[in-house]
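[1] sequence first, then the predicted structure, then my questions.
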Amino acid sequence: MATLTNPIEETNLAARFADYVAATANNSIVWGTNAYPTSGSDVITSTVFGGTTSGRSPGLSAADIKNGSEVISAANITAALRAETQAYMSIRNLRARLNVTGAGGNTGTRPTAGIRFDQTNKAYLDSDRLYILGAVTGAPVAGTSPTVVGLQSYFVNLRTAYTTARDSTITITRNVCHSSCHSSCHSSRGRR
């Protein structure tokens, strides 16, 4: 875990920020491109996921905060930290549901129509399902020098904004004609 230095240095600031939003976002991801919500057949497939259950690697660099020898500005810090937080907004709660629409010909463990799988877990979704970061208070103010205490407070506010977004659940329902498309379709071929 990094600690902010005084005076503020861009490399140190990027490392410390990773302890906030990135660490929170990447903790306990259950579903991603390597682990789908399943129940006998895939409920949701890879097309809705943006990464693995390992999470997203930090993308914030010193160059995002300070370009060359320029002074670190409030605007650069705010823009860089908001952009990095926004990049994690696709790691959030997913309610995955499997709905069997056909009533006849079902085999296996789900012979009746209706919702057969309904679970909610943290998932790394694709950018099409990105939650948009709203206003976050405590950003560094133009014309004033950023402080360790002020930045720490802003990091907490960004993490809180992320957590609020993460806890808003997106629901994706997959409709299938029968509980086991493979066995139902192949079994019916002999009857044709």
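    Happy to help now that I have it.

[2] other residues contacting stretch 128-138?
    48, 82, 85-86, 89-90, 92, 150, 153-154, 157-158, 161-162, 165-166, 168, 170 (CB atoms under 8 Å, 6 or more residues apart in numbering). Every residue, glycine included, has its C-beta placed from N, CA and C.

[3] could you do stretch 92-102 as well?
    Against stretch 92-102 from outside (CB under 8 Å, 6+ apart): 31, 37, 39, 41, 43-44, 48, 106, 110, 112-123, 125, 129, 131, 165-179.

[4] ditto for stretch 54-74
    Applying CB under 8 Å, 6+ apart, the external contacts of stretch 54-74 come out as 8, 10-11, 13-14, 17-18, 22, 25-27, 29, 32, 76-77, 80-81, 83-84, 87-88, 91, 124, 139-144, 146.

[5] narrow these to those in strands?
    91, 124 (DSSP state E).

[6] are any of the contacts of stretch 54-74 buried, and if so which?
    Applying a neighbour-count criterion of 16 or more other CB atoms under 10 Å, the buried members of the contacts of stretch 54-74 are 8, 10, 13-14, 17-18, 22, 25-26, 29, 32, 76-77, 80-81, 84, 87-88, 91, 124, 139-140, 146.

[7] any idea how far stretch 60-69 is from the chain center?
    Taking CA atoms, centre = their mean, to the nearest Å, one finds the center of stretch 60-69 at 25 Å from the center of the full chain.

[8] can you give me phi and psi for residue 168?
    Per-residue torsions, residue 168: phi -80, psi 130 (degrees, to the nearest 10).

[9] next: residue 155.
    Backbone dihedrals for residue 155, given as degrees, to the nearest 10, come out at phi -60, psi -40.

[10] please apply the same query to the one 10 residues further on.
    Per-residue torsions, residue 165: phi -60, psi -40 (degrees, to the nearest 10).

[11] ok, it - contacts?
    89, 92, 131, 133.

[12] check the spacing between it and residue 59 real quick.
    18 Å (CB to CB, to the nearest Å).

[13] what do you get for residue 118?
    Taking CB to CB, one finds residue 118 at 34 Å from residue 59.

[14] can you check the pLDDT for the nearest residue to residue 77 once chain neighbours are set aside?
    Excluding its sequence neighbours, the residue lying closest to residue 77 (CB to CB, 6 or more residues apart in numbering) is residue 140, at 4.9 Å. According to the prediction, residue 140 has pLDDT 88.
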